[in-house]
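A.B. asks: let's see this in three dimensions:
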Amino acid sequence: MLRIDKKPYRSTGWTYEALTVTEDAATVRLTNTGTRPGAETVQLYLAPRADTAERPARVLADFGRVEAVPGQSVEVTVPLERRAYEIWDETAYGWTVVPGTYEVQAAHSLGDVRLTATVEVKA
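C.D. replies: Residues are numbered from 1 along each chain as shown. Prediction:
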């Protein structure tokens, strides 16, 4: 026999508090603001600040997962691999870094960016 639990749904929310970036990694501090233990997957997107024909407007660079109990603050450090800044160069027939300023976006989802910071990438 199937039993359905009629307890009210308890949700877990997350507040993104700080974003620190270098060319190689991003660290995000967040707090579980919900009423139960939970997990969050932090997504990191890269968006070139200059309008560059060689780069998409934004790419998913990487992501990291954290777990916390209600009220607990945690940090996740997500590597930003060199490949995230590269495009395929037909002339060189290889991957090439596109130097410049990038906005690093820490997000809950593609449409829900919570924090941003910039990083300067050299060739």
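A.B. asks: OK, contacts around the residue nearest to the spatial centre of the chain?
C.D. replies: Residue closest to the mean C-alpha point of the chain, counted by Cα atoms, centre = their mean, is Leu44 at 2.0 Å. By Cβ atoms under 8 Å, 6 or more residues apart in numbering, the residues touching Leu44 are 26, 60-64, 78, 80, 104-107. From N, CA and C alone the C-beta is placed, and that goes for glycine too.
A.B. asks: could you do Ala68 as well?
C.D. replies: Going by Cβ under 8 Å, 6+ apart, Ala68 touches 30-32, 37-38, 40, 74.
A.B. asks: the same query, at a cut-off of 10 Å, please.
C.D. replies: Neighbouring residues of Ala68 by Cβ atoms under 10 Å, 6 or more residues apart in numbering: 12, 14, 30-34, 37-40, 74.
A.B. asks: present those residues as CSV; the columns should include distance to Val119, secondary structure and neighbour count.
C.D. replies: Output for the contacts of Ala68, formatted as CSV (distance: Cβ to Cβ, whole Å; DSSP: H, G, I helix; E, B strand; the rest coil; neighbours: other Cβ atoms under 10 Å):
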residue, distance to Val119, secondary structure, neighbour count
Thr12, 30, coil, 16
Trp14, 23, strand, 19
Leu30, 20, strand, 24
Thr31, 24, strand, 16
Asn32, 27, strand, 23
Thr33, 28, coil, 14
Gly34, 31, coil, 16
Pro37, 33, coil, 12
Gly38, 29, strand, 19
Ala39, 27, strand, 11
Glu40, 22, strand, 20
Val74, 22, strand, 15
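A.B. asks: many thanks, we can stop here.
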